[in-house]
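In: My questions are about this predicted structure, shown below with the sequence.
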Amino acid sequence: MIALKQRLQKEILMEKNKVFSHIDHTLLKPDATWKDVEKVCKEAIENDMASACIPPRFVKQAKDAFGNRLNLCTVIGFPMGYATTRVKVFETQEAVEEGADEIDMVIHIGDAKAGDFVRITDEIRAVKAACSGKILKVIVETCYLNEEEKIALCKCVTDGGADFIKTSTGFGTGGATKEDIDLFKEHIGEGVRMKASGGIRTREAIEGFINQGCARIGASGALKAYEE
């Protein structure tokens, strides 16, 4: 009986480790302190998570503290997306110089609503160039978009050379949905991966999105979900 329990615990641990390799362990609260960020970074390292996603303000401090033990992700134009392209490019360059390994940028949603998808593509291309070879994830904030706009943005992300399309900031009116991931799968180009983010709080939701084909999950509550 003890041996069976130990085997089951090992299987659960292996499953959890596989799941955590997809998790961007996220802390983007406006009142986050270095102590909070440091805790998230340590948790990401201890649990072999894909990255710690933290505010740009703390990137250099985290890089100095943890070095190459941690894959650092940060956000650009966050959470509204309406900074100018030049500002987003500067933010990206600074984040990369200070140690960011991955960049999650927010598009200007107003451009999408106005149908100016060429401008969005050009901005994505400019930010990707500023990444200097680092991974770029593009947040399209699906809760504000209709289906036609989501499809058009799949093309923008593909043509702009981004590595990922990401559903949400977590600060909008809604988060990731199965329907949006299915739509992305149908319309993104070859080589573009998917990140589900926003409102993902349970083990079932995390594993559901991974099984749908999401290479990354943005979540602040993954540890809690698996403890429960």
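Out: Perfect, I can see it now.

In: For the rest of this, base every contact and every neighbour count on C-alpha atoms.
Out: Will do.

In: Pull out the buried positions in stretch 106-116.
Out: When burial is assessed from 16 or more other C-alpha atoms under 10 Å, stretch 106-116 yields the following buried residues: 106-109, 112.

In: Tell me the helix or strand right after the helix or strand of the chain with the lowest mean pLDDT.
Out: Scoring the helices and strands of the chain by mean pLDDT, DSSP states H and E places helix 2-20 at the bottom, with a mean of 67. Using DSSP states H and E, the next helix or strand after helix 2-20 towards the C-terminus is strand 23-26.

In: Could you list the paired strands of that next one along with their orientation?
Out: Strand 23-26 pairs in its sheet with strand 51-54 (parallel), strand 216-219 (parallel), by DSSP bridges.

In: Using PDB, write down the CA coordinates of that strand.
Out: The C-alpha trace of strand 23-26 is given here as PDB (Å, rounded to 0.1, in the frame of the first residue of the first chain):
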ATOM      1  CA  ILE A  23       3.700  28.100 -17.100                       C
ATOM      2  CA  ASP A  24       4.700  31.700 -17.200                       C
ATOM      3  CA  HIS A  25       4.500  32.300 -13.400                       C
ATOM      4  CA  THR A  26       3.100  35.800 -13.400                       C
END
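
In: can you give me the end-to-end distance of stretch 42-53?
Out: Stretch 42-53 has an end-to-end distance of 12 Å (C-alpha to C-alpha, to the nearest Å).

In: How about that stretch, which residues are buried there?
Out: Residues of stretch 42-53 classed as buried: 42, 44-45, 48-53 (neighbour count, 16+ other C-alpha under 10 Å).

In: and the residues you listed, which two are the farthest apart?
Out: Greatest spatial distance among these (C-alpha to C-alpha): 48 and 53, at 13.7 Å.

In: how about the strands in this protein?
Out: 23-26, 51-54, 72-76, 102-106, 135-139, 164-166, 193-197, 216-219 (DSSP state E).

In: Redo those as JSON lines? Include mean pLDDT.
Out: Output for the strands of the chain, formatted as JSON lines (pLDDT from 0 to 100):
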{"stretch": "strand 23-26", "mean pLDDT": "98"}
{"stretch": "strand 51-54", "mean pLDDT": "98"}
{"stretch": "strand 72-76", "mean pLDDT": "98"}
{"stretch": "strand 102-106", "mean pLDDT": "98"}
{"stretch": "strand 135-139", "mean pLDDT": "98"}
{"stretch": "strand 164-166", "mean pLDDT": "98"}
{"stretch": "strand 193-197", "mean pLDDT": "98"}
{"stretch": "strand 216-219", "mean pLDDT": "97"}
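
In: need the contact list for residue 191.
Out: Neighbour list for residue 191: residue 163 [criterion: C-alpha atoms under 8 Å, 6 or more residues apart in numbering].

In: Leaving out the residues flanking it, which one is nearest to the residue nearest the centre of the chain?
Out: Closest to where the C-alpha atoms of the chain average out (C-alpha atoms, centre = their mean) is residue 218, at 5.0 Å. Leaving aside its chain neighbours, residue 218 sits nearest to residue 197 (4.5 Å; criterion: C-alpha to C-alpha, 6 or more residues apart in numbering).

In: Was I right to think the one you found contacts residue 220?
Out: No - using C-alpha atoms under 8 Å as the test, residue 197 is too far from residue 220 to be in contact (9.7 Å).
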